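J.: Sequence first, predicted model second:
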There are 2 protein chains.
Amino acid sequence: MDKRVFKDQAYNELAKITKALGNPRRLEIVDLLAQGPFSVEKIAEQTSLSIANASQHLQVLKGARLVEIDKKGNFIYYRLTNDEVFKTWRALRDLGFRLNAEAEKLVNNFYRSGQKPTPIPMEDLYNGNYDKDTLILDVRPGEEYHRGHIANAISIPINELSERLGELPSDVKIIAYCRGPLCVYADEAVNLLRKNGIDARRLKEGFPDWKSQGFSVEMSN
Amino acid sequence: MDKRVFKDQAYNELAKITKALGNPRRLEIVDLLAQGPFSVEKIAEQTSLSIANASQHLQVLKGARLVEIDKKGNFIYYRLTNDEVFKTWRALRDLGFRLNAEAEKLVNNFYRSGQKPTPIPMEDLYNGNYDKDTLILDVRPGEEYHRGHIANAISIPINELSERLGELPSDVKIIAYCRGPLCVYADEAVNLLRKNGIDARRLKEGFPDWKSQGFSVEMSN
DNA sequence: CTACTATTCAATAAAGTAATTGAATAGATT
DNA sequence: AATCTATTCAATTACTTTATTGAATAGTAG
């Protein structure tokens, strides 16, 4: 085995992993799995894929060892193999934002165009640069909130928000967050809240970023 | 534009970048460019590609904005767009080592099998956990050393090492380094030095890792 | 054992990617 | 202007990836 063969094998192995990540659907699946384990069915639903197609993509991710499975009853739950998978996804995501002005424009202009306030970096929130009566609002599905959420955050899933506006104290300031910077739930929440005269902004990042950073989290009992 | 279209576009943009990285030759090129700018010819030579093929891969990397060019005379020099490209490559590389036992075995067993001493993590070297008479040896090509190297390191390119053994003080301890963990120059150097009775080990990482970590570097005058 | 359900497999068609070769371009030198 | 050189482009071939569809599997519940 000469040098070149050795190098080829090493880079080939790395390229396999990178290729497994190099597909928009699979990146979306990884982004979703950063919230925790999901069944194939849920993954398919959340990513608008057919179940067979989602399963196929999950096989690819599993083949690259990026995800692992747990069987529970009739269901198979997929999850990221370890936190480094999330960190790599995050590196790619942030590199993408930095490199690709198009993607950047999309993220900044679509749901957050015009009158939208700028998102709050999570470091700012962590450092307590906000009124202590500011409410942290988790708008992800209830199940994801229960698995883990930012300490002291309250949960109102985005699809319940309009009916539950009355639960919010008057004159409250809100920081809404969801799955990550690509997740639009928080943008929708900010939209809705501001239409109702509430001072709301979104967190730039999502719960997995917060957790991976080692910031304080809570789980529901 | 509905939610799904927005999400698709965002993930598509990220997948473009990831796909551009998802090829063994291009990963090798990125790894090489972490040393600094190189002409197409040099890149082709270092990666054992034809010039046309190297150019093709470079176009793909440029299309994804991962590399940029500088024209000088007849030559076009390619370089990484910014340090985040290197950091993303590093995240992928380290994830690969972690996930892929095969690749891990290759790296650890081929050039560094059996009697080889374990590589030294750069943090250990930086923290001064070694005799102060330990010599840091840069075995990359002279040009790369001149562009930048670990502070106090001396340069003996790997292909000159056997003839220049006499330059080394007797009873010296050596830590050799090269381009990165996949680079075998340092392994070859350790091999050769130990055959000549010199206490030598390799640095696990390479110069770009050292520099990106913010550890002290020097440039040749 | 039967029926049911979640998931995977297999086959197909369409699209994209990689290496090779030789021609074309564009900038520098004479 | 003619020549030289580094690089890119274009065309080809072989190969890989993706989405779709429907069938197969393997567990669970009745």
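T.: Nice, I can see it. Residues are numbered from 1 along each chain as shown, chains lettered A, B, ... in the order given.

J.: wait, residue A:120 sits on residue A:204?
T.: Yes. The criterion here is C-beta atoms under 8 Å, and residue A:120 meets it with residue A:204 at 6.2 Å. For glycine as for every other residue, the C-beta is placed from the backbone atoms N, C-alpha and C.

J.: Identify the residues contacting the host helix or strand of residue A:209?
T.: Applying DSSP states H and E as the criterion places residue A:209 in helix A:207-212. Applying C-beta atoms under 8 Å, 6 or more residues apart in numbering or on different chains, the contact partners of helix A:207-212 are A:34-35, A:83, A:86-87, A:90, A:122, A:126, A:138, A:140, A:144, A:148-150, A:177-181, A:217.

J.: for chain A, which spans come out with low pLDDT?
T.: Low-confidence segments of chain A, defined by pLDDT under 70: A:1-2, A:100-115, A:221.

J.: neighbours of residue A:204, just the number please.
T.: When neighbours are defined as other C-beta atoms under 10 Å in any protein chain shown, residue A:204 has 19 of them.

J.: what about the residue lying closest to residue A:194 once chain neighbours are set aside, how many residues close to it?
T.: Computed as C-beta to C-beta, 6 or more residues apart in numbering or on different chains, the closest residue to residue A:194 that is not its neighbour in sequence is residue A:200, at 5.6 Å. Number of residues near residue A:200 (other C-beta under 10 Å) recorded here: 23.

J.: domains in chain A, as residue ranges please.
T.: The domain map for chain A lists A:3-85, A:110-218, with the assignment taken from automatic domain parsing.

J.: picking up where we left off before, can you pull the contacts of the residue nearest to residue A:194?
T.: Residue A:200 neighbours (C-beta under 8 Å, 6+ apart): A:117, A:137, A:173-176, A:189-190, A:193-194.

J.: Look up which residues are beta-bridged to it.
T.: Going by DSSP bridges, residue A:200 is paired in beta bridges with residue A:174.

J.: so residue A:152 makes contact with residue A:138?
T.: No. Using C-beta under 8 Å, residue A:152 makes no contact with residue A:138, being 10.3 Å away.

J.: between these two, which one's more packed in?
T.: Legend: neighbour count by other C-beta under 10 Å for residue A:152 and residue A:138, higher for residue A:138 (26 against 10).

J.: Can you read off the backbone torsions of the more buried one?
T.: phi -90, psi 120 (degrees, to the nearest 10).

J.: what about the strands in chain A?
T.: A:38-39, A:67-72, A:75-80, A:134-138, A:149-150, A:154-155, A:173-177, A:199-202, A:217-218 (DSSP state E).

J.: Could you export those strands to a markdown table, including columns for distance to DNA strand C?
T.: Below are the strands of chain A laid out as a markdown table (distance: least, C-beta to the nearest atom of the strand, whole Å):
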| stretch | distance to DNA strand C |
| --- | --- |
| strand A:38-39 | 3 |
| strand A:67-72 | 6 |
| strand A:75-80 | 4 |
| strand A:134-138 | 25 |
| strand A:149-150 | 24 |
| strand A:154-155 | 25 |
| strand A:173-177 | 28 |
| strand A:199-202 | 31 |
| strand A:217-218 | 26 |
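
J.: Of these, give the one that comes closest to residue B:24.
T.: strand A:67-72 (22.3 Å; C-beta to C-beta).

J.: Near DNA strand D, which residues of chain A? Just list them.
T.: Residues of chain A found near DNA strand D (C-beta under 7 Å from any atom of the strand) are A:19, A:22-23, A:25, A:49-50, A:52-53, A:56-57, A:60, A:71, A:73-74.

J.: Now do the nearest residue to residue A:220 once chain neighbours are set aside: how many residues are near it, please.
T.: Leaving aside its chain neighbours, residue A:220 sits nearest to residue A:146 (4.0 Å; criterion: C-beta to C-beta, 6+ apart). By the criterion of other C-beta under 10 Å, residue A:146 has 14 neighbours.

J.: okay but residue A:179 is in contact with residue A:31, surely?
T.: Yes. With contact defined as C-beta under 8 Å, residue A:179 reaches residue A:31; the gap is 7.0 Å.

J.: which of those two has more neighbours?
T.: Legend: neighbour count by other C-beta under 10 Å for residue A:179 and residue A:31, higher for residue A:31 (26 against 23).

J.: residues in contact with the residue nearest to the more buried one when sequence neighbours are not counted?
T.: Counting by C-beta to C-beta, 6+ apart, residue A:180 is the residue found nearest to residue A:31 once chain neighbours are left out, at 6.0 Å. Counting by C-beta under 8 Å, 6+ apart, residue A:180 touches A:31, A:34, A:93, A:205-209.

J.: Can you see whether the longest helix along chain A contacts DNA strand C, counting any residue in it?
T.: What stands out as the longest helix in chain A, according to DSSP state H, is helix A:3-21. No. Helix A:3-21 stays clear of DNA strand C (C-beta under 7 Å from any atom of the strand), getting no nearer than 8.4 Å.

J.: can you state the direction angle for that helix and strand A:67-72?
T.: 50 degrees (axes from the mean of the first three to the mean of the last three C-alpha atoms, to 10 degrees).

J.: hey, C-alpha coordinates of helix A:3-21 in CSV?
T.: The C-alpha trace of helix A:3-21 is given here as CSV (Å, rounded to 0.1, in the frame of the first residue of the first chain):
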residue,chain,number,x,y,z
LYS,A,3,1.0,6.8,0.0
ARG,A,4,-1.5,7.6,-2.7
VAL,A,5,-3.6,4.6,-1.9
PHE,A,6,-3.6,5.4,1.7
LYS,A,7,-4.6,9.0,1.1
ASP,A,8,-7.3,8.0,-1.4
GLN,A,9,-8.9,5.7,1.2
ALA,A,10,-8.8,8.3,3.9
TYR,A,11,-10.4,11.0,1.7
ASN,A,12,-12.9,8.4,0.3
GLU,A,13,-14.1,7.6,3.7
LEU,A,14,-14.6,11.2,4.6
ALA,A,15,-16.3,11.9,1.3
LYS,A,16,-18.8,9.1,2.0
ILE,A,17,-19.9,10.9,5.1
THR,A,18,-20.0,14.3,3.4
LYS,A,19,-22.0,12.9,0.5
ALA,A,20,-24.5,11.5,2.9
LEU,A,21,-25.0,15.0,4.1
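
J.: pretty sure residue A:99 contacts residue B:64?
T.: Yes. Residue A:99 lies in contact with residue B:64 (C-beta under 8 Å); the separation is 7.3 Å.

J.: rewinding a little: can I have the buried ones of the contacts of helix A:207-212 as a ChimeraX selection?
T.: To isolate the buried ones among these in ChimeraX, judged by 16 or more other C-beta atoms under 10 Å in any protein chain shown, type:
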select /A:34,35,86,90,122,138,140,144,148,149,150,177,178,179,180,181
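
J.: what sits against residue A:122?
T.: Applying C-beta under 8 Å, 6+ apart, the residues contacting residue A:122 are A:203-205, A:209-210, A:213, A:215.

J.: Please repeat the previous calculation with a cut-off of 10 Å.
T.: By C-beta atoms under 10 Å, 6 or more residues apart in numbering or on different chains, the contact set of residue A:122 is A:150, A:175, A:177, A:203-207, A:209-210, A:213, A:215.
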